[in-house]
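In: Quick one: sequence and predicted model below, then my questions.
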Amino acid sequence: AFYSGIRYLVIPASNLKEARSVLFNLLSRHPWRKLELIPARTLEDVLNDSRITLKKIDSYARYLLRKKKFTMRKWLLGFLAAGIVISSFILINRNPSYHFWKIRHPVVLEAHNGNLFARNQERQLLWVYRPSKPIVAESLQQKFEDLDGDGNPEILVSGNYKSDEKLSSEIFCFNNKGEVQWSFRPGKRIQTLTDEFSNHFIINRFEVAAFNQNSPEKQVLIIANHTTWYPTQITLLNSRGEILGEYWQAGRLGRDTLVIEDLDDDGWKEIILAGTNNDFQSACLLVLDPRAIIGCSPSSGNPEFQFKDLPPGKQEYYLLLPRTTINKVMGIRNYVTLVEISRQDRTIDVTTAEYSKEMDCGMKYSFDFNLNPLLSRPADSLIEKIKELVISGLVPPHALTELRSLKDRIRYWDGEALVNHPVRNKKLNF
């Protein structure tokens, strides 16, 4: 320590006498050295000696960091953990798909503010889907079906988009987690020889069925009509949303006229649809085979209703139901409002509207499963309305007597022309 250059040397007070003797001998040989001995009994003596200890007033924050360093670390870790817990709670609360404690099977989808909300049987929110455009709540149609036969039902939902322009629709296929498996927008820009229709089609109805009874896979049948009334597009999709077939009808097909049934017991279910044909200005009934959905409805040759670049349709049957005299005088065309089947009697019952001011004024037709007409009969309200109009002179007397023979005036498309006897499309090869 003597040769180190330090100015003060702290030594135990009990050794002070001996230390001074040693220092005296060293100073006799090195008188230039300045070294002062400081005796100390305790550490406090050293800290209280201003010659060797410099005292500074420190800030409270630095005091906490230096003196309470361990405590601060615990506080910081606690705040960090609390922040993570709160952030996780907020994230989970805002995203219903993370609510692991809920029943994960949706039973209904609802539209609120243009978005789709999936809820379970306890009305708990499971997930939310935000489409590219707001969806009109009143237009929602939905079905829960196992499309691919894997035991897990898919969720099919269609709706119309809100828009300042004409309406359009889209159908979505979701899994239980709310992930879009596929989607499909019906329609396209389609032309007749004199006109062109914009790509604004709305889904009138869709159905899911296993058309091949020997396969567990189901298909999706979509009926979409143009927003201006017609034409109607019939599309069949497979379980992956891929188009299997497409058929175009020069008229509108009714929502309550779709029936899916195996008419000929060949293991394939046929598609029965009805509505009106704008070309022939008459109610129509058609039967499609899911293996051959292609082309368009028969044409009279009128270029206004003749589709451009579409082949002749491969429908099994296409029937035109006659217009009554009251319909010719008081309306533009008749149309089918309802199709029902009786499996027990193996009959198809068809109801038409003949007087547009009163929906229940119509004709009822019955066919067997080979589309042979069995009978036609007017609704009582139609008879009373015709009697009233005959008395007033608005329709001729035969408007009433003709009702007995209307089934004999049904026309069938044989693949080349309309004929007055029951016939299947002879252009089909199955």
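Out: Looks like it arrived, so ask away. Numbers count the residues shown, from 1 in each chain.
In: Give me the residue at the spatial middle of the protein.
Out: Phe172 (3.2 Å; C-alpha atoms, centre = their mean).
In: That one looks like it's in a strand, true?
Out: Yes: judged by DSSP: H, G, I helix; E, B strand; the rest coil, Phe172 forms part of a strand.
In: Relative to Val180, how far out is it?
Out: From Phe172 across to Val180, the span is 6 Å (C-beta to C-beta, to the nearest Å). (C-beta placed from N, C-alpha, C; glycine too.)
In: what's the overlap in contacts for these two?
Out: Shared contacts of Phe172 and Val180 (C-beta atoms under 8 Å, 6 or more residues apart in numbering): Tyr129.
In: tell me the secondary structure for the closest residue to the residue nearest to the centre of the chain other than its chain neighbours?
Out: Nearest residue to Phe172 in three dimensions, chain neighbours excluded: Ser183, at 4.8 Å (C-beta to C-beta, 6 or more residues apart in numbering). The three-state assignment at Ser183 reads strand, by three-state DSSP.
In: tell me the pLDDT at Ser183?
Out: Per-residue pLDDT puts Ser183 at 97.
In: how deep is it tucked in, by neighbour count?
Out: Ser183: 14 surrounding residues under other C-beta atoms under 10 Å.
In: One more: Leu428?
Out: Residues near Leu428, counting by other C-beta under 10 Å, number 13.
In: can you check Lys162 too?
Out: Close neighbours of Lys162, defined as other C-beta under 10 Å, add up to 13.
In: residues contacting Leu406?
Out: Leu406 neighbours (C-beta under 8 Å, 6+ apart): Leu321, Pro322, Thr324, Met363, Tyr365, Ser376.
In: give me the element Thr351 is part of.
Out: Using DSSP states H and E, Thr351 sits in strand 347-353.
In: now for that strand, which elements pack on it?
Out: Strand 347-353 sits against strand 335-342, strand 362-368, with contacts defined as 3 or more C-beta pairs under 8 Å, 6 or more residues apart in numbering; DSSP states H and E.
In: After the last one, which helix or strand is next?
Out: Meaning strand 362-368. Immediately after strand 362-368, counting by DSSP H and E, sits strand 373-378.
In: Partner strands of that next one and their direction?
Out: In the sheet containing strand 373-378, its partner strands are strand 362-368 (antiparallel), by DSSP bridges.
In: Now do the partner strand, average pLDDT.
Out: Mean predicted confidence for strand 362-368 is 96.
In: mind listing what's buried in that strand?
Out: Neighbour counts over strand 362-368 (16 or more other C-beta atoms under 10 Å) mark Gly362, Met363, Tyr365, Ser366, Phe367 as buried.
In: And the strands in the stretch 101-250 of the chain?
Out: Assigned by DSSP state E, counting those that start in this stretch, the strands in the stretch 101-250 of the chain fall at 108-112, 115-119, 125-129, 141-145, 154-160, 169-174, 180-184, 190-191, 196-197, 201-209, 219-226, 232-237, 243-249.
In: do you know which of those lies nearest Asp265?
Out: strand 201-209 (16.3 Å; C-beta to C-beta).
In: quick one: the closest one to strand 169-174, angle?
Out: Angle, strand 201-209 to strand 169-174, by axes from the mean of the first three to the mean of the last three C-alpha atoms, to 10 degrees: 40 degrees.
In: quick one: low-confidence ranges for the stretch 151-300 of the chain?
Out: For the stretch 151-300 of the chain, the stretches flagged by pLDDT under 70 are 164.
In: make it 80
Out: 163-166 (pLDDT under 80).
In: can you pull out the helices in the stretch 301-430 of the chain?
Out: 325-330, 380-392, 398-401 (DSSP state H, counting those that start in this stretch).
In: Packed most tightly, which of the ones you listed would that be?
Out: Ranked by mean neighbour count, the helices of the stretch 301-430 of the chain are led by helix 325-330 with a mean of 20 (mean count of other C-beta atoms under 10 Å).
In: now for it, which elements pack on it?
Out: Here helix 325-330 touches helix 380-392, helix 398-401, going by 3+ C-beta pairs under 8 Å, 6+ apart.
In: okay if I get those as a markdown table plus distance to Gln344?
Out: Listed next are these as a markdown table, based on distance: least, C-beta to C-beta, whole Å:
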| stretch | distance to Gln344 |
| --- | --- |
| helix 380-392 | 25 |
| helix 398-401 | 33 |
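In: Need those in JSON lines (columns: distance to Asp146 and mean pLDDT).
Out: Below are those laid out as JSON lines (distance: least, C-beta to C-beta, whole Å; pLDDT from 0 to 100):
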{"stretch": "helix 380-392", "distance to Asp146": "44", "mean pLDDT": "93"}
{"stretch": "helix 398-401", "distance to Asp146": "52", "mean pLDDT": "92"}
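In: ok so, going back, closest one of the buried residues of strand 362-368 to Leu244?
Out: Using C-beta to C-beta, the buried residues of strand 362-368 come closest to Leu244 at Phe367, 26.9 Å.
In: Kindly state the beta-bridge partners for that closest one.
Out: Note on Phe367: beta-bridge partners Ile348, Pro373, judged by DSSP bridges.
In: Show the end-to-end separation of stretch 297-316, please.
Out: End-to-end distance of stretch 297-316 (C-alpha to C-alpha, to the nearest Å): 11 Å.
In: buried sites along it?
Out: Ser297, Pro298, Ser299, Phe305, Gln306, Phe307, Leu310, Pro312, Gly313, Lys314, Gln315, Glu316.
In: How about the contacts made by Ala292?
Out: Shown in contact with Ala292 (C-beta under 8 Å, 6+ apart): Gly245, Lys314, Leu428, Phe430.
In: how much space between the second one and Leu286?
Out: Taking C-beta to C-beta as the measure, Lys314 falls 11 Å from Leu286.
In: before we move on, what about the third one?
Out: Here the criterion is C-beta to C-beta. By it, Leu428 lies 13 Å from Leu286.
In: Make CSV from the buried residues of strand 362-368 and add distance to Leu418 to it.
Out: What follows is the buried residues of strand 362-368, written out as CSV (distance: C-beta to C-beta, whole Å):
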residue, distance to Leu418
Gly362, 22
Met363, 19
Tyr365, 17
Ser366, 21
Phe367, 17
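In: Go through these and name the one nearest Leu403.
Out: Sorting the buried residues of strand 362-368 by distance to Leu403 puts Met363 at the head of the list, at 7.4 Å, by C-beta to C-beta.
In: List the residues that contact the closest one.
Out: Contacts for Met363 (C-beta under 8 Å, 6+ apart) come out as 321, 324, 334, 351-352, 354, 376-379, 382, 403, 406.
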